[in-house]
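Undergrad: no sequence for this one, just the structure:
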Ligand code: NAD
């Protein structure tokens with residue numbers, strides 16, 4: 001890419017937690033000088049040490065030499081003071097997932113930075129337009145949604161706000177390429193492409209626990225299909241408590257039947273891998289998920305208390321409901337123009353969510369099944385289980401025209 005006013009040489013990262021650490025490493029590894037801010041000095045000190053440790057680990061593994069490690073470390077500077085970042089080309093904010101906090105930071109950054117600088121948020125789901133709206137430069141505001149661990153996961157969702165300029169998007173795409181990421185542009189909606197699709201997928205998985213399945217059965221079916229991990233193993237890795245605390249804080253959704261198993265696990269301090277117990281048991285120091293009969297007993301109790309008549313749920317039903325939930329939401333994302341193509345949706349699921357590579361992604365998988373068949377199967381689920389299975393308009397249209405998602409731009 002030619003040198004433009006948006007060519008990113010210097011950046012700042014706000015937040016030195018889980019995501020900030022990975023993002024700083026991505027930038028430093030790509031040759032970008034980084035100023036690092038966190039309002040907790042101890043956190044920043046630990047974060048700087050963790051970057052040095054990761055570089056040392058890479059040297060020990062023979063991935064980089066000592067000189068390269070030194071250059072990467074030298075590119076990262078901790079600073080306690082926002083004034084020190086006034087000349088950067090890009091800021092990536094990675095503080096707590098709270099709109100008011102992010103808006104406060106963006107307002108301050110907007111007043112401080114040169115007008116052409118780009119302001120990005122690593123939010124997982126918040127409204128980029130609501131963040132951009134507090135600045136005088138909405139054309140230069142976008143989302144850069146990294147996946148955890150950010151220096152390892154390939155996917156980068158670049159979130160286009162209503163006013164984000166093509167030049168700012170180009171600069172973000174060029175940076176993504178420099179960092180070796182698979183970048184996918186997403187429109188602005190709750191959860192963007194990946195997490196928005198994850199929501200109905202996980203909802204089906206959780207409902208099936210209440211109706212008769214156990215976590216290890218749901219995970220086994222999806223892992224049998226080829227997913228890197230099923231939804232409950234995934235929650236153990238991410239931390240079951242994150243959504244629990246978010247529901248608690250917002251006062252929303254905590255009473256929904258499908259989150260009662262999560263709630264009980266969290267009340268017992270079973271947050272996932274990090275606490276040694278979650279949907280599975282983990283021996284000290286191990287990441288091996290072990291089937292735990294106490295969890296099965298808890299699932300049984302919650303579903304009986306919620307008035308469910310449990311029934312046998314086999315792997316076929318698990319796959320049908322989880323996969324079709326992904327495909328139907330993917331189709332809505334496509335018809336709304338949130339994703340530019342079915343291929344982009346597939347890239348998100350292949351590179352960020354462990355969808356089996358040989359199946360090509362959820363949309364390619366649906367194309368292989370045939371959209372007329374997918375349409376019929378969704379209608380059957382709608383009849384059996386209700387309105388939320390109503391097929392996306394696009395699926396009906398493509399099926400009627402004998403087309404695929406891959407042809408959807410031409411419909
Ligand atoms: P975290 O809790 O690990 O870290 C947040 C950091 O922000 C802390 O170090 C805290 O001291 C700092 N901070 C808080 N307020 C600040 C302020 N006013 N100024 C400067 N620093 C401040 O959080 P995280 O998991 O790294 O998540 C950060 C963001 O990334 C969130 O928006 C989250 O939704 C998003 N995200 C998280 C993940 C994930 O898997 N953890 C994945 C994708 C996106």
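TA: Perfect, I can see it now. These numbers come from a predicted model, not from an experiment.
Undergrad: pull out the buried positions in stretch 359-373.
TA: 359, 360, 361, 362, 363, 364, 365, 366, 367, 371 (16 or more other C-beta atoms under 10 Å). Where you see a C-beta, it was placed from the backbone N, CA and C, and this is true even at glycine.
Undergrad: since we're on the residue of the stretch 151-300 of the chain found nearest the ligand, how many residues are nearby?
TA: Of all residues in the stretch 151-300 of the chain, the one sitting closest to the ligand is residue 238 (6.0 Å; C-beta to the nearest ligand atom). Using other C-beta atoms under 10 Å, residue 238 is surrounded by 16 other residues.
Undergrad: pretty sure it contacts residue 274?
TA: No. Counting by C-beta atoms under 8 Å, residue 238 does not reach residue 274; the two are 9.7 Å apart.
Undergrad: residues from the stretch 51-200 of the chain in reach of the ligand?
TA: Neighbours of the ligand within the stretch 51-200 of the chain, by C-beta under 6 Å from any ligand atom: 94, 95, 96, 97, 105, 122, 123, 124, 146, 147, 148.
Undergrad: which PyMOL command selects the buried ones in the residues you listed?
TA: The PyMOL selection below is limited to those of these classed as buried (16+ other C-beta under 10 Å):
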select buried, resi 94+95+97+105+122+123+124+146+147
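Undergrad: ok, back up a step: which residue sits closest to the residue of the stretch 151-300 of the chain closest to the ligand in space, ignoring its chain neighbours?
TA: residue 272 (7.0 Å; C-beta to C-beta, 6 or more residues apart in numbering).
Undergrad: give me the low-pLDDT residue ranges for the stretch 1-150 of the chain?
TA: 1-5 (pLDDT under 70).
Undergrad: for it, which segments count as strands?
TA: 10-14, 33-37, 76-78, 90-93, 118-121, 141-146 (DSSP state E, counting those that start in this stretch).
Undergrad: need those in JSON lines with distance to residue 325, can you?
TA: Listed next are those as JSON lines, based on distance: least, C-beta to C-beta, whole Å:
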{"stretch": "strand 10-14", "distance to residue 325": "35"}
{"stretch": "strand 33-37", "distance to residue 325": "39"}
{"stretch": "strand 76-78", "distance to residue 325": "41"}
{"stretch": "strand 90-93", "distance to residue 325": "31"}
{"stretch": "strand 118-121", "distance to residue 325": "27"}
{"stretch": "strand 141-146", "distance to residue 325": "21"}
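Undergrad: who touches the residue nearest to residue 238 in this structure?
TA: By C-beta atoms under 8 Å, 6 or more residues apart in numbering, the contact list for residue 272 reads 235, 236, 237, 238, 239, 240, 241, 278, 279.
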